[in-house]
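S.K.: For reference, the sequence and a predicted model appear below.
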Amino acid sequence: MQPILEVNPEHPLVKALSADNANFADWRHLLFDQAMLAEGGALEDPASFVKRTNALPGCTGGAFFC
């Protein structure tokens, strides 16, 4: 059976997610990797996960996306 990733379209983070955002790919990977970890899965590239996790919250202005 294939795993299914369900996303809450009403969550503020998902609502703010835009493909036009310069960090879209990083946020997309980060959300997927977090879902994998939450379900007990293993990450293909843990080093990239840590790099994205450390880099993205450093955005200025308190915004979800920068």
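M.R.: Alright, I've got the coordinates.
S.K.: Could you check how far K51 is from P12?
M.R.: 24 Å (C-beta to C-beta, to the nearest Å). No exception for glycine: its C-beta is placed from N, CA and C like everyone else's.
S.K.: between the two, which one's more packed in?
M.R.: A count of neighbours by other C-beta atoms under 10 Å puts K51 above the other of K51 and P12, at 12 against 9.
S.K.: what's the helix or strand for the more buried one?
M.R.: Under DSSP states H and E, the secondary-structure element containing K51 is helix 46-55.
S.K.: the strands in the protein, which residues?
M.R.: Taking DSSP state E as the criterion, the chain carries no strands.
S.K.: Please find the angle between the direction vectors of the biggest helix by length in it and helix 46-55.
M.R.: With DSSP state H setting the assignment, residue counts place helix 24-38 as the longest helix in the chain. Computed by axes from the mean of the first three to the mean of the last three C-alpha atoms, to 10 degrees, the angle separating helix 24-38 from helix 46-55 equals 120 degrees.
S.K.: Alpha carbons only: can I get helix 24-38 in CSV?
M.R.: Only the C-alpha atoms of helix 24-38 are listed here, as CSV (Å, rounded to 0.1, in the frame of the first residue of the first chain):
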residue,chain,number,x,y,z
PHE,A,24,8.8,27.1,-1.9
ALA,A,25,10.9,24.1,-2.7
ASP,A,26,12.6,24.2,0.7
TRP,A,27,9.2,24.5,2.5
ARG,A,28,7.7,21.7,0.4
HIS,A,29,10.6,19.4,1.3
LEU,A,30,10.6,20.4,5.0
LEU,A,31,6.8,19.7,5.3
PHE,A,32,7.2,16.3,3.6
ASP,A,33,10.2,15.3,5.6
GLN,A,34,8.4,16.2,8.9
ALA,A,35,5.5,14.0,7.8
MET,A,36,7.9,11.2,7.1
LEU,A,37,9.5,11.5,10.5
ALA,A,38,6.1,11.8,12.3
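S.K.: Identify each buried residue in that helix, please.
M.R.: 26-27, 30-31, 33, 36 (16 or more other C-beta atoms under 10 Å).
S.K.: same thing with stretch 14-25?
M.R.: Under the neighbour-count rule (16+ other C-beta under 10 Å), stretch 14-25 has 17, 23 buried.
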